[in-house]
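Asks: missing the sequence, but the structure's below:
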Ligand SMILES: [Zn+2]
Ligand SMILES: [Zn+2]
Ligand SMILES: [Zn+2]
Ligand SMILES: [Zn+2]
C-alpha cells in the first residue's frame, strides 16, 4: 500500500471541508429538530458525503436516518435491456412510503450530483414516459415538499460523471477536485464561519423579498437578447427567498446554495417571447438555446438547438407543464454567476441567473399560507407533475416591475438590482 | 494508472462467474416472471453483483428493479452519535412500502454479505432494541415472505468485512478472492451448466422430503456431544426443501445455496438439551458454544461462551423467540460442510449442518397450504418477530425419527443419511 503524506494532507483538508458542508446541510439547510427522522437520497457515488451528513444528523439528535442510494448504472441497464412496458412503471410503493414518512414528520434531504448526460443517447419517448410514471408516483411526496409541509433541503456532491461534464477534457481526479471546490465555494462552506455567513446572506435575501412584497407588482417585464416577456404575477402572491419556515414550524434553507428571490406567476398572464440564457439539463438530456412564445400564459411555440424532442415531451407532460409555476430574480454579480461555470445542474445554474419555471407552483408563495387547492387555482397558481427551472437572466437583462395601474419601475438593469 | 494484463484476465473470468451467479439468482432462485417487479436489497459493497442481477432481471422481462443499498457505516454512525431514543425507532414507512410492493406482485431478492462482527462492540441492549423495532416494522413484509406469498430468494456477495471474518490474517484482495470462490462453489455457479446442475440438485432434495413426508414422524430425536433433544413436529407438518412454489404460482429456490430439508416443529413439544455445533452470527455479534435446555417447547436455560447477553436478549424478544419455528436436516457430506469453512453467515452455515430455528414458523411447512392463523396455532406453529437458525448437526450427530407409537427409526448416523 502506498501512502503519500501530501495526498493524506490534501485528503484531510478535503474531509474537513466536506464535514462543514454536511454540518451546513443539517444545521442551516434542514435545521433538523432533535428527535426528527431524516430521509436522504443520494447518488451512490456521493456515499462519502451522505455518511458525513448521517453523522451530523445523529449528532443533531436525529431519531433515524434512512438513505436511498440511486445507481445510474441500474438506470442504464433498464434502458438497455428492459421491455417496452417497463417505461410506464414506477416504484409507487417507495414514493408512497416517503410521503408517509413526511406526513409522520420526517425531514427530507437530497444530495444532487446527477450525470447531466446520462440519458442523452436514449429514446426521448421512453425517457418522457419513465419521467411521467415517476412524477405521477412521486406526486404525493412532492406535494408535501412543494407546500413546505416539512423542512427539506438540497445539497450537492461532486460525482465523476458530473465533473466530466463541467470540466470536459480534464483527468477525473482533477475535474473532481475542481467541482468540489466550486460546490464548496458556491455553498459558502469554504468560509471561516459558514454558519454565520449564511445568517448574513439570509438577512440580505429577506430584506430584498420584503421590499418586493411591499410593491405588490402586477407583473414583471423582462427584456434582453431574444427576450421581451411580461410575466403576470398571481393574485396575492408573496416573494420568498433564503430562509423558509415549513408548516412543521422549522425554519431552514431549502437550497444550498441559494441566491434567488422568487414568487408565483399567474398561470394565464404571461405574454411574449423569451430566450434561455443557459442550457437546460433535463433528466439527462441537454437542451440548448431554448426560445419560447407565451400567449395568455401558455407556451404556443418552442424551439431549441439541441434536445427539442425532450423539450417538447417535457411541456407535453400535462396542461400545466406549458405554463409558469415560478419566476425568480437573481443578480448577475453573485458568486455562482461570477464563477463563470456552467454546472449543468439547476441547483447551481438557477442561482446564477434570473429564471422562470414551467409546471407546479409553490403554494407557499402567497400572502395567505392556508389556501385550499381551489383558492390557489383562483389566484392563478399553476398545477403540474413537473417543475423545471430555466435561466433567462444575464448581464444584458433588464427587469421592470409593473404596478396595478400599468406603471413600470426599473428593478434590474444589466442584470443588477437598481434599488 | 497501472494495468496488469494478468489482473484484467482474472477480472474478466470473475466477471463471467458473477454473471452466472446473477443469472442463477434470477432464473433459478426467483424464476422471475416476465413483467414482474423486483425489490432487491444489498450491502453497498455488493453493488457490482446487484448491477449484474439488475441486468439479468431486465433481460428476463422485469418491469422495474428497485435496489435498496444498505451502508454499514451509517449504522455505525447511529451507534456512535444517536440519542438513546433512536434505538427504539425503525423505518416503518420503508418496510410498509416493501410489503405493498409484495402485495402488488413484486418479487424479493436479498444479497447477503453482512459484516458478522459489525455490532460486536455495541451495547447489546441497544442492539436488541434496534432489532426489535426493525423486526416489528418489517413484520408485514416478512409475513408475506414467510408465507411464500411471492417468489423470493437470497444470494451472497463477498464483501471486505465478511471476507476478513472468514479469512482472518489474509490481505483483503486475497480474502475477497477466496470468499468469492467459496460462494460460487457453494452456490453451484462454478459448474459447466449451473442451471442443469440445480435441476438435478432440486430433484434429489424433492425425493428426500417426499420420503420424510410419507413417514409422518411425530418427533425427531437428536443425539451428539452435549445434545439429547427430542423435537416434536407440528400436527400436519410437511417437509420442504429445494424448490418452493409461492402462492403467486411461481416455483423457485428461496435460498442459493440450499442443502436442507426442513419442517415446522410443534412449539410446545421440544424437550431436552442441545449444544450448537457452530458459532451463531446474530445481527453483528458472534455467539459461541450455545447450550440450551428446552422444557415443553420452551427454553428454560441458555448459556454461551461469548455473546450470552445478545443471546439472552434475542430469546427475550417475545414469547415465541424462545420456542422453535423450524427443524432442518442436512447431511455432513454436502459441499458446504466439506469446504470446512465457517462462513459466519446463516445462509451458508445452516446448509453445512442440521439445524433448528428459534422464532417464527413457516406456514408453508404444512400439508394444508391454506391455514388461517388460528389453524396454524392449533397445529403448533410458532409465532415470533424473529427467525434465527442455529446449527446442531455435525459428523457426530445421530438422528432418529419417532413415529406416533413412539417407535424410533434411524434417519442419520454420524451426520449422514441412513436410508
Ligand atoms: Zn428558482
Ligand atoms: Zn424552481
Ligand atoms: Zn433452515
Ligand atoms: Zn431458517
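Replies: Alright, I've got the coordinates. Quantities reported herein were computed from a predicted structural model and do not represent experimental measurements. Numbering: from 1, shown residues only, chains lettered A, B, ... in the order given. Ligands and ions are numbered 1, 2, ... in the order given.
Asks: quick one: residue A:265 and residue A:324 touch, right?
Replies: Yes: counting by C-beta atoms under 8 Å, residue A:265 touches residue A:324, with 4.2 Å between them. From N, CA and C alone the C-beta is placed, and that goes for glycine too.
Asks: so what sits against both of the two?
Replies: Overlap of the contact sets of residue A:265 and residue A:324 (by C-beta atoms under 8 Å, 6 or more residues apart in numbering or on different chains) consists of A:231, A:297, A:356, A:382.
Asks: turn the residues you listed into JSON lines, including distance to residue B:124.
Replies: Output for the shared contacts of residue A:265 and residue A:324, formatted as JSON lines (distance: C-beta to C-beta, whole Å):
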{"residue": "A:231", "distance to residue B:124": "62"}
{"residue": "A:297", "distance to residue B:124": "63"}
{"residue": "A:356", "distance to residue B:124": "57"}
{"residue": "A:382", "distance to residue B:124": "55"}
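Asks: tell me the one of those nearest ligand 1?
Replies: residue A:356 (8.6 Å; C-beta to the ion).
Asks: residues touching that closest one, list them.
Replies: A:231, A:265, A:274, A:324, A:326, A:327, A:328, A:389, A:390, A:392.
Asks: which residue sits closest to residue A:81, ignoring its sequence neighbours?
Replies: Spatially, and ignoring its direct neighbours in sequence, residue A:81 is nearest to residue B:58 (3.7 Å; C-beta to C-beta, 6 or more residues apart in numbering or on different chains).
Asks: tell me which other helices or strands whichever strand or helix holds the one you found touches.
Replies: Secondary structure from DSSP states H and E places residue B:58 in helix B:47-59. For helix B:47-59, the packing partners by 3 or more C-beta pairs under 8 Å, 6 or more residues apart in numbering or on different chains; DSSP states H and E come out as helix A:72-81, helix B:5-24, strand B:38-43, strand B:65-70, strand B:107-112.
Asks: out of these, which gets the lowest mean score?
Replies: The weakest mean pLDDT among the helices and strands packed on helix B:47-59 belongs to helix B:5-24, with a mean of 78.
Asks: for that one, which outside residues touch it?
Replies: B:48-49, B:52-53, B:55-56, B:155, B:180, B:183-184, B:187-190, B:194-195, B:198, B:256.
Asks: skipping its backbone neighbours, what lies nearest the residue of the stretch 301-419 of chain A at minimum distance from chain B in space?
Replies: Residue nearest to chain B within the stretch 301-419 of chain A: residue A:385 (18.4 Å; C-beta to the nearest C-beta). Leaving aside its chain neighbours, residue A:385 sits nearest to residue A:135 (3.9 Å; criterion: C-beta to C-beta, 6+ apart).
Asks: before we move on, the earlier item: which of the shared contacts of residue A:265 and residue A:324 sits closest to residue B:99?
Replies: Using C-beta to C-beta, residue A:382 comes nearest to residue B:99 of these, at 35.7 Å.
Asks: before we move on, the earlier item: surely the residue of the stretch 301-419 of chain A closest to chain B and residue A:321 touch.
Replies: Yes: counting by C-beta under 8 Å, residue A:385 does reach residue A:321; the two are 7.1 Å apart.
Asks: overlap in contacts of these two?
Replies: residue A:359.
Asks: what about these two, which has more around it?
Replies: A direct count of neighbours by other C-beta atoms under 10 Å in any protein chain shown for residue A:385 and residue A:321 places residue A:321 higher, at 23 against 19.
Asks: how about the more buried one, secondary structure?
Replies: The three-state label given to residue A:321 by DSSP: H, G, I helix; E, B strand; the rest coil is helix.
Asks: packing partners for the helix or strand residue A:202 falls within?
Replies: Taking DSSP H and E as the criterion, the element that holds residue A:202 is helix A:194-215. Where contact means 3+ C-beta pairs under 8 Å, 6+ apart, helix A:194-215 is packed against helix A:5-24, strand A:261-263.
Asks: most tightly packed of those?
Replies: strand A:261-263 (a mean of 24; mean count of other C-beta atoms under 10 Å in any protein chain shown).
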